[in-house]
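Trainee: this one's structure only:
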């Protein structure tokens, strides 16, 4: 028997107590490699093992490669996990953050390239269907 098989329950417990999920990439990271503010669990029960277990048992959702999304693509954004999605148009992806044109504008109607703001959570609008 391999160690991974023999210690599977202990290893699972260690993982559950020491991982967070990056709110931008959706990928798991060790807690010491991730700021709490950048973790999807920050708005919940502060890294509750129950929440991590629920995430581990949930269906995988493919993440968006924001560096390949075209300017003015319709997307949905929000800052608080439990809040409603807001309709916006994609402006850019920079330093791990998704930026949208302010107030529902597009690149055509925005004042200039600084007329943007970033959001913690974003997804393509078509993924809402």
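Mentor: Sure, I can see it. Quantities reported herein were computed from a predicted structural model and do not represent experimental measurements.

Trainee: got the domain ranges for this structure?
Mentor: For the chain, automatic domain parsing gives the domain ranges 3-56, 66-128.

Trainee: would CSV of the ones you listed with mean neighbour count and mean pLDDT be doable?
Mentor: Quick note: C-beta positions are derived from backbone N, CA and C, even for glycine. Shown next, in CSV, are the domains of the chain (neighbours: other Cβ atoms under 10 Å; pLDDT from 0 to 100):
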stretch, mean neighbour count, mean pLDDT
domain 3-56, 14, 81
domain 66-128, 15, 89
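
Trainee: packing partners for the longest strand seen in the chain?
Mentor: When the chain is parsed with DSSP state E, its longest strand is strand 86-94. Contact here means 3 or more Cβ pairs under 8 Å, 6 or more residues apart in numbering; DSSP states H and E; on that basis strand 86-94 packs against strand 74-78, strand 97-101, strand 116-119.

Trainee: run the chain-centre distance for it.
Mentor: 14 Å (Cα atoms, centre = their mean, to the nearest Å).

Trainee: got the contact list for that strand?
Mentor: Strand 86-94 is contacted from outside by 66-67, 69-78, 98-101, 104-107, 110, 113, 116, 119, 125, using Cβ atoms under 8 Å, 6 or more residues apart in numbering.
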